[in-house]
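1. Mind folding the following:
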Amino acid sequence: KLPTMKMLLSLIALLSAVLLASAAPPTCYSRVLSLSKEITESFKELQTSKDVDSCVATLPRLYLDIHNYCVLAKLRDFVAYPRCDMVLEVNELKEKARSLYTILISYCRRDLVFLTDDCNALEIPIERSITES
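-> This next block holds a predicted model:
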């Protein structure tokens, strides 16, 4: 009975450790990375959607790379873009971009390292820039 009890306690301890490890809060980096991917995907969907206003085609391109210092200017420009204010999807995307900008300049300011400041790299889709490198 005693070895079974020890084995059961060991199993409970192991499962508890696994649950605690998976429940860890996201780091600043992981949050910024996931939000930038979410914004980029939403922008792509918006650009290809047939149900959205024609002004969407005039929006500034929004291919984000959080390792590029120019992402800050790109986010500022996108949020400040004056057209399409009546399109709900654009306003939601601008709100996400505003959140990402705030996280980058406030909460994660000391945690992030920008590897480049190539603003032209943010004018092409991420998949193309990765495969061309």
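2. ends of stretch 56-71, how far apart?
-> By Cα to Cα, to the nearest Å, the extent of stretch 56-71 from end to end equals 20 Å.
3. Then stretch 63-83?
-> End-to-end distance of stretch 63-83 (Cα to Cα): 19 Å.
4. Give the buried residues for it.
-> Of the residues in stretch 63-83, 63-66, 68-72, 74-75, 78-79, 81 count as buried by neighbour count, 16 or more other Cβ atoms under 10 Å. C-beta coordinates here come from the backbone N, C-alpha and C atoms, glycine included.
5. now stretch 96-106
-> With burial defined by 16+ other Cβ under 10 Å, the residues of stretch 96-106 counted as buried are Lys96, Ala97, Leu100, Tyr101, Ile103, Leu104.
6. before we move on, what about stretch 104-118?
-> Leu104, Cys108, Leu112.
7. In contact with the closest residue to Cys28 other than its chain neighbours, which residues?
-> Excluding the flanking residues, the one nearest Cys28 by Cβ to Cβ, 6 or more residues apart in numbering is Cys108, at 3.7 Å. By Cβ atoms under 8 Å, 6 or more residues apart in numbering, the contact set of Cys108 is Cys28, Tyr29, Arg31, Val32.
8. swap the cut-off to 10 Å and go again
-> Residues counted as contacts of Cys108 (Cβ atoms under 10 Å, 6 or more residues apart in numbering) are Thr27, Cys28, Tyr29, Arg31, Val32, Ile66, Leu100, Thr102.
9. pretty sure the fifth one contacts Phe114?
-> No - using Cβ atoms under 10 Å, Val32 makes no contact with Phe114, being 11.7 Å away.
10. which neighbours do those two share?
-> With contacts defined as Cβ under 10 Å, 6+ apart, the residues shared by Val32 and Phe114 are Ile66, Val71, Leu104.
11. How about the second one, nearest residue that isn't a chain neighbour?
-> Spelled out, it's Val71. Closest residue to Val71 apart from its sequence neighbours, by Cβ to Cβ, 6+ apart: Leu64 at 5.6 Å.
12. Nothing else from me, thank you.
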